[in-house]
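*Asks:* pasting the structure only:
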């Protein structure tokens, strides 16, 4: 199945099934950090949009544990960077209608929480089709070790995602069932 068909199908399901009862287990993320022995305390998050997994409670918990939180800002040419953010900081709406931090302090996450539309058991993902996260992860991996954790609902898993050579695999996917 083509990515566009998978995307369309999962968007319908996600809109229908999205619920506050489907919460990602914060401890599952902490277990990954411990298991991989990640030393850095920089977490890259995102502001949930279009029925994505709501990561805000998770970011608040990390903030209480003295992690530095950052959020993406979209730049020209389908690029993005992550900028420091706290739960007390305001956000502005970008051209896609997604809230972004106003900070100009770039942070390179050690752990990147990645939104997705669909994923498979091979840790491939489909996003919105702009390639923002693929380009960002590829760019950052040249500078430092980064662990990319996809956050999804279990119903977003598909049998197999068609991939191209520019698609970047995730390191982990966590759902409400983990």
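*Replies:* Everything's here; your move. None of these values were measured; they are calculated from a predicted model.
*Asks:* just list what the longest helix anywhere in the chain packs against, helices and strands only.
*Replies:* When the chain is scanned for its longest helix (criterion: DSSP state H), the result is helix 3-17. Under the contact criterion of 3 or more Cβ pairs under 8 Å, 6 or more residues apart in numbering; DSSP states H and E, helix 3-17 touches strand 118-119, strand 125-126. Bear in mind the C-beta positions are built from the backbone N, C-alpha and C, glycine included.
*Asks:* let me know which of these is the nearest to residue 169.
*Replies:* With Cβ to Cβ as the measure, strand 125-126 is the member of the helices and strands packed on helix 3-17 nearest residue 169 (7.9 Å).
*Asks:* ok, back up a step: and the longest helix of the chain, which residues are buried?
*Replies:* Of the residues in helix 3-17, 3, 6-7, 10, 14 count as buried by neighbour count, 16 or more other Cβ atoms under 10 Å.
*Asks:* which of those lies closest to residue 33?
*Replies:* Looking across the buried residues of helix 3-17 and measuring by Cβ to Cβ, the closest to residue 33 is residue 14, at 26.7 Å.
*Asks:* what's the nearest residue to that closest one if we skip its chain neighbours?
*Replies:* What sits nearest to residue 14 in space, not counting adjacent residues and going by Cβ to Cβ, 6 or more residues apart in numbering, is residue 51, at 4.7 Å.
*Asks:* helix, strand or coil for the one you found?
*Replies:* Look at residue 51: counting by DSSP: H, G, I helix; E, B strand; the rest coil, its state is coil.
*Asks:* what's the answer for residue 138, then?
*Replies:* Classified using three-state DSSP, residue 138 is helix.
*Asks:* contacts only, for the nearest residue to it once chain neighbours are set aside.
*Replies:* Distances taken as Cβ to Cβ, 6+ apart place residue 168 nearest to residue 138, at 5.8 Å, with adjacent residues excluded. Neighbour list for residue 168: 133-134, 137-138, 148 [criterion: Cβ atoms under 8 Å, 6 or more residues apart in numbering].
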